[in-house]
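In: Model the structure of this input:
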Amino acid sequence: MGALTRKGVLVVHVVSAGTWIGIDVVMGVFVLTALLTDSESVKALCYRALELFVVWPLLTTGLVCLVSGIVLGLGTKWGLVRYWWVAIKLVLNVVLVSLVPVLLRPQVIEMAEQGRRFVAGETATLAVGDLIFPPIVSPSALLIAFVLAVFKPWGMIRKRKAPAGNGR
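Out: Alright, predicted model coming up:
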């Protein structure tokens, strides 16, 4: 991969990761607002906003970050699973992206539906539930990924053996 291409992919990777953290912050604001307010209308609005601002943008930025990270891993000296720090970042990214459709989306849809029922005048239980954990876990994992990218700890996964030869 040429230097200009590598830098372009690196910019996409860093911007998508930054956007991902930003979306997590927005999610945290909505969840904390719903948790700390006494107004059922504000809670309903927060839950409905989560459906719009969190799931698909989060999944999109996570996938862009994953794909750009894979391209960087395959196209640079660091490799995809040659170094521990790269492999751990890859695992973190795959796990976080997988959790969005599997765990987060169903919870957000359920909360948004409760918000819609409340607005329609039906009885609805407006409790935050487990939605408090994603805006804590995801930015923490992304912070770990950033630190790994900067410090590049632990070295190679497998040291290359010296070729057998005449001892020179």
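In: which residues touch G79?
Out: By Cβ atoms under 8 Å, 6 or more residues apart in numbering, the contact list for G79 reads G73, V86. (C-beta placed from N, C-alpha, C; glycine too.)
In: In a helix, it, correct?
Out: No: with DSSP: H, G, I helix; E, B strand; the rest coil as the criterion, G79 is coil rather than part of a helix.
In: and it, backbone torsions?
Out: Note on G79: its backbone torsions stand at phi 70, psi 170 [degrees, to the nearest 10].
In: could you pull out the strands for this structure?
Out: Using DSSP state E, the chain contains no strands.
In: where in it is pLDDT low?
Out: Within the chain, the stretches with pLDDT under 70 are 124, 160-168.
In: Quick check: longest helix in it by residues?
Out: Secondary structure of the chain per DSSP state H: the longest helix is helix 3-36.
In: Remind me what it packs against, helices and strands.
Out: Helix 3-36 is packed against helix 40-53, helix 55-75, helix 134-151, with contacts defined by 3 or more Cβ pairs under 8 Å, 6 or more residues apart in numbering; DSSP states H and E.
In: And the last one, what's buried?
Out: Looking back up the chat, that one is helix 134-151. P134, P135, S138, P139, A141, L142, A145, L148, A149 (16 or more other Cβ atoms under 10 Å).
In: And the second one, by the same measure?
Out: Neighbour-count burial for helix 55-75, counted by 16+ other Cβ under 10 Å, picks out 55, 57-59, 61-62, 64-66, 68-73.
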